[in-house]
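> predicted coordinates and the sequence they were generated for:
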Amino acid sequence: MVLLCPRCQRVNPADAVYCYFDGMVLRAHGGGPLPVPGQLPQEFTFPSGRRCRTLDDFVQGCQYEWEDARELLRRGDFAQFFTSVGRMDLAQAARETNRQTDPDILLHNFLSNLPVQKGIGPRLDLHPRRLVLGKLKPGDSKQLRLQVQNTGKGLLQGRVTVAEGASWLWVESDRGAGNPRTCALKTAREQVVTLRVDTRGLPAPQSYTAKLTVITNGGIAEVPVGLELGAVLFARPPFQGAATPREMAERMRTNPKAAVPLLESGEMQRWFAANGWAYPVCGVQARGIAAVQQFFEAMGLSKAPLVQLSENEVHFLLVAPEAQQRNVILRTSVKKWVYAQVDSDVPWLRVLTPNVAGAQNAAIGFEVDSSLMDAGRVHDGLLTIVANGGQTLAVRVRVDVRAPQRPFTRRLFGSFLTVALLALSYRLLFALPGDLFARVLATQVREPAPGSWERWVTPAVEEDGFLRQFVLATWWVGTLMGAWLLWCRRGSRASGSGGWSDVVSGALAGTLAGVAAAVTVGCLLTVVDSVPRYLLAHLFDGNGTSSAWFWTPVWIVVAVLWWAVVGAGAGVVLRAAGQRGRQVLAHAAAGGVSPLMTSSGGSRPPLAGFSSGTAKGSGCNGRRDDDGRTHAYTRQRIRQKAETLLLKGAP
């Protein structure tokens, strides 16, 4: 047996109490009494304990328990309940609303579909319905107030959201929630929502619109927001009052010379930034009238002239350590100004004019330094030139570096004298703690007499307490070096990292290393000084006098001369070893050569060559970081100068 709905005339199952399609009450099976309209066959209980016996109670409970009701509808608890009590129409309505993504809209639509008495519950009203701010200037900030009213009954709950215009409009009332785009609503009568408008970064002049969406259990509404953003007028004469970039360009065309200081000082760029406009000139600002030409080209008001170079490839034949300068002309056939930024890709190719400009032509100067190149081979470098309108040109520089022709005796004795002087200097340095202090002034051995001939012909390590006195005189050098190295490392890192603990650790490690090195050097002195002791014993007669004032200088002179002979022999051997031997000599002598850099290179400062041509990049990326390249240049320059001045016999 089936039941026919008296309203929609559709067929329902025999055990149905309500119509499956419109919720109309059907006659109960078996002729029983009809249920009361709106009454639920079974009570619904919210998590808070609120009980609902009718649909009106259910709707009112959802309005007061809005957060719990949203979650119950999302999980499908409402659909499951209405299915269990035979209200398939309401269960279907609960399932269909799940297609919405916003939980507040989902619950509002569901409650609107329930067959309940109208006019109960909260009702949304807004004042004002439209927010019009009028005319603002770039950088202005303004506060707005939106009044949310509940003209119905119960608790109005929901949310105000900035749906459009979030870049310049946000909510201030609920900033503690961490989301400036939304604000929660919960009021029985009235709630004020505070909004903030900030025009910083907005291009002017232009009209802007935004939209607020208000979704509550008492209704859904949208509030349009509009403002008119006016431009900041240019204040500097003779272009005061200009309101747009095109108007400024038209005034500059009639008076280009007055625009030059405004462009070079950055005043024009700051005016663009104040109005939220993107400054059209990317990269380095040109100088003089070329700056006006550059501005017109970037604005698209003037076509960039076609430029070309007088030479695309330059060849040099240099004898190390010769340096030579050359010019390349950038020119155009059109009666316009040309400008360019020049960069180099190798340290030995130094740009003398990194930024050039001129009427129809400009000279690009550069210098080639052969002291930074290996002799006996051909080197290639590249000058990159970014000119009018972003035109990129290149000049290939090829350098054939020849080794200087020196006499055979000079080539032979260059390394000989270099290492001999180094060895002589080291032995004089060791004479202070090893000879004067440990064997004469601080020695505890009195026989033979300190400083006498018999004492100097005796090996130092055979004297009681020599190594102890030598270590006491030299260990602190390791402490200072360890602390200094860690201090330099700490200073080169970012601020806040490292600390004094690193310096203390370096001092402790340096102390241990200093003690070990002192013992090693003390034993090495005894071994290398074997020949001076033999010469002193067989070439001099110690019976004449035992004065320490006589034999001590004699011993030091003999020892120093012997160390110079040993160093000279080592220099000849290393010279004969070829390139690797010269590199060893260069590293050994680099510490003493660095003070000579400024005097041996003429009037040119040692670091001005490479960094000046690469400190600024072309294009919109702006400035580049050249610290690594500059440090590499410095290290290479010191090594090259060491080889040139010391190993090749330069004066």
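Looks like it came in fine. Residues are numbered from 1 along each chain as shown.

> run through the stretch 501-650 of the chain and note the low-pLDDT ranges.
Low-confidence segments of the stretch 501-650 of the chain (pLDDT under 70): 542-546, 578, 582, 585-650.

> show me where it has helices.
530-539, 548-576, 579-593, 597-600, 608-614, 627-642 (DSSP state H, counting those that start in this stretch).

> next one: the stretch 351-500 of the chain
Using DSSP H, counting those that start in this stretch, helices in the stretch 351-500 of the chain cover 408-431, 453-456, 466-492, 500-528.

> to residue 337, which of those lies closest?
For those, the distance to residue 337 is smallest for helix 466-492, at 43.6 Å, taking Cβ to Cβ. In this view, the C-beta of every residue, glycine as well, is placed from N, C-alpha and C.

> and among the helices of the stretch 351-500 of the chain, the most buried is which?
Highest mean neighbour count among the helices of the stretch 351-500 of the chain (mean count of other Cβ atoms under 10 Å): helix 453-456, with a mean of 22.

> spatially nearest residue to residue 330, not counting backbone neighbours?
Nearest residue to residue 330, sequence neighbours excluded (Cβ to Cβ, 6 or more residues apart in numbering): residue 362, at 4.9 Å.

> okay, now that neighbour: neighbour count?
Using other Cβ atoms under 10 Å, the number of residues around residue 362 comes to 23.

> from residue 187, how far off is it?
71 Å (Cβ to Cβ, to the nearest Å).

> same thing with residue 198?
From residue 198 to residue 187 the distance is 27 Å (Cβ to Cβ).

> and residue 271, by the same measure?
For residue 271, the distance to residue 187 equals 47 Å [Cβ to Cβ].

> if we can go back for a sec, could I get the pLDDT score of the residue nearest to residue 330?
For residue 362, the model assigns a pLDDT of 95.

> now do residue 274
88.

> check residue 150 too.
Per-residue confidence (pLDDT) for residue 150: 88.

> now the phi/psi pair for it, please.
The phi and psi torsions at residue 150 (degrees, to the nearest 10) take the values phi -110, psi 100.

> next, count neighbours for the closest residue to it other than its chain neighbours.
In space, and not counting its chain neighbours, residue 150 is closest to residue 156: 3.8 Å by Cβ to Cβ, 6+ apart. Residue 156: 28 surrounding residues under other Cβ under 10 Å.

> list the contacts for residue 156?
By Cβ atoms under 8 Å, 6 or more residues apart in numbering, the residues touching residue 156 are 122-124, 148, 150, 185-188, 191, 216-218.

> I'd say residue 581 and residue 572 touch.
No - if you go by Cβ atoms under 8 Å, residue 581 and residue 572 don't touch, sitting 9.8 Å apart.

> host element of residue 232?
Using DSSP states H and E, residue 232 sits within no helix or strand.

> that one touches residue 273, doesn't it?
No - with contact defined as Cβ under 8 Å, residue 232 does not reach residue 273; the gap is 10.0 Å.

> just to revisit the earlier point, so residue 271 and residue 187 - more neighbours on which side?
residue 271 (22 against 16).

> for that one, give its distance to residue 245.
In terms of Cβ to Cβ, residue 271 sits 9 Å off from residue 245.

> dig out what residue 195 forms beta bridges with.
residue 144, residue 171 (DSSP bridges).

> got the buried residues for stretch 527-544?
528-529, 532-533, 536, 540, 542 (16 or more other Cβ atoms under 10 Å).

> likewise stretch 382-394?
383-388, 391, 393.

> would a markdown table of those with pLDDT be doable?
Below are those laid out as a markdown table (pLDDT from 0 to 100):
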| residue | pLDDT |
| --- | --- |
| 383 | 95 |
| 384 | 96 |
| 385 | 95 |
| 386 | 94 |
| 387 | 94 |
| 388 | 92 |
| 391 | 93 |
| 393 | 95 |
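
> for these, work out which two are farthest apart.
It's 383 and 388 that sit farthest apart of those, by Cβ to Cβ, at 16.9 Å.

> and residue 48, how many neighbours?
9.

> what about it, which SS state?
Classification of residue 48 using DSSP: H, G, I helix; E, B strand; the rest coil returns coil.

> contact partners for the spatially closest residue to it that is not a sequence neighbour?
Spatial nearest neighbour of residue 48, chain neighbours left out: residue 65 (5.9 Å); criterion: Cβ to Cβ, 6+ apart. Residue 65 sits next to 46-48, 50 when contact means Cβ under 8 Å, 6+ apart.
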